[in-house]
Every structure is written in C-alpha cells, then in structure tokens.
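**Q** 3D model of this:
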Amino acid sequence: MSEELDGLTAEQIRALQSSRQRVIDSIGKNMDLYGVTLSIGHLYGYMFFRNSPITLDQMSETMGMSKTSMSTGMRTLMDLKMIDKVWGKGSRKDFYEVVSDWHQNFTDFFSIKWRKAVESNTASLQKSLKEIRTLQESDPDNEKLQAISAIDEQKIVEALKYYRWLLRLIDSFETGEIYQFIPKEE
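**A** Next comes the predicted model:
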C-alpha cells in the first residue's frame, strides 16, 4: 500500500488511513453481528481497500496475524464468496482479491446462511409434524390429545409456510429477481 500513497503528504496519508480504518472497523463489527469473527471482518475490510491482489504472506504482515489464522480467515471469506483466488503473474503463490459487488456479497452470504437454516428447521418441523400426526392416529378418541396436538400441528404448518416463503425469497436473491422490486442504485 506504500506505493499507492507515494506523492501524498504525511497529513494526507493519516487522513486517508483514518478514513479507511473507520470503514474497516465498521465492516468488522457488522460482520461480527452475522457470525463472522471481528478479525475476519477486519481482514475483508483491509482487502476492500486494496487496489491489487494480495498474498497470504502480505496480508499476514499487514494485519499482524499468524499465517495459520490468515489462511483460516481467507478460507472463510472464500467460502462466503466474498473474496476470490486469482492468478499472480510471475509468482507461484496464491493471490486474493475482494469481490467488490456488495449486492452479490450480501446475496451469497445470506443465501448460504438462510438456506442452511431453512433446511435444518424444515427437517425438524417435518419430523415433528409426522410424530404429532402419528400420535393423533394412535388415540383418535382422546379429545384432550386431539385438541392439544391440533394446536401444535397448526403452529408447525404455519412455520412450514414461512420457510417455503423464505426459500422463495432466497431464490429471488440468487436469481436477481429481487432487483425488479427493489432496484440497485446506479
């Protein structure tokens, strides 16, 4: 980053670094809210301001993190599709760069998280619904059991409707259909 700052005064460099650090801290805190560690959020923030791909060694040196922690952070960001591995001319090392489309980052991040949660919760709800219906069939003349289980059954059916809706929402993000309703700013 030092070459990038050549020709700037010390005051200009401090102002630029302060401005960038504020954004990096904000990104780190916000990603922490969504289950990504603060340090990985900071890693993404630092990479966001890079104007060229960077190696693990360079990021490790810049951030003062161990190469193992850096590798774990990079892998997490790659799994979330927030960074890409790119080819570095004349080098055998892996280079990484930020996927700068924040709309796509949001879509990928939340789609991965939401879809996993929907699948897990839907499986639990369906299993419980099956058990409740089996219980109802086991004693059809027990009015108390039928009344209580009918209430539970209805709650589960409503929850399953919600998760089907949520899957459609996820699909609309993944296909880009959502932008027909809420267009991106140009």
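
**Q** check contacts around the residue positioned nearest the centre of the chain.
**A** In the chain, the residue lying closest to the centroid (Cα atoms, centre = their mean) is residue 109, at 2.7 Å. Residue 109 sits next to 34, 80, 81, 82 when contact means Cβ atoms under 8 Å, 6 or more residues apart in numbering. Heads up, the C-betas are built off the backbone N, CA and C, glycines and all.

**Q** also residue 79?
**A** Neighbours of residue 79 in contact, by Cβ under 8 Å, 6+ apart: residue 112.

**Q** pLDDT at the residue nearest to the centre of the chain, what is it?
**A** On the pLDDT scale, residue 109 is placed at 83.

**Q** assign it to helix, strand or coil.
**A** Here residue 109 is recorded as helix under DSSP: H, G, I helix; E, B strand; the rest coil.

**Q** ok, now how distant is it from residue 173?
**A** 10 Å (Cβ to Cβ, to the nearest Å).

**Q** surely residue 136 forms part of a strand?
**A** No: going by three-state DSSP, the assignment for residue 136 is helix, not a strand.

**Q** what's the closest non-adjacent residue to it?
**A** Leaving aside its chain neighbours, residue 136 sits nearest to residue 149 (5.1 Å; criterion: Cβ to Cβ, 6 or more residues apart in numbering).

**Q** count of neighbours near the one you found?
**A** Using other Cβ atoms under 10 Å, the number of residues around residue 149 comes to 17.

**Q** residue 138 is in contact with that one, correct?
**A** No: between residue 149 and residue 138 there is no contact under Cβ atoms under 8 Å: 10.2 Å.

**Q** domains of this protein?
**A** Using automatic domain parsing, the domain parsing of the chain gives 3-99, 103-181.

**Q** where does pLDDT dip in the protein?
**A** 1-2 (pLDDT under 70).

**Q** any chance you could map the helices in it?
**A** 10-33, 38-48, 56-63, 67-79, 102-138, 143-175, 178-181 (DSSP state H).

**Q** ramachandran angles for the residue nearest to residue 55 when sequence neighbours are not counted?
**A** Distance criterion Cβ to Cβ, 6+ apart; nearest residue to residue 55, sequence neighbours excluded, is residue 93 at 4.7 Å. The phi and psi values for residue 93, taken as degrees, to the nearest 10, are phi -80, psi 160.

**Q** what about residue 93, how many residues nearby?
**A** For residue 93, using other Cβ under 10 Å, the count is 10.

**Q** kindly report the same for the one 5 residues further on.
**A** Residue crowding around residue 98 was assessed by other Cβ under 10 Å; the count is 20.
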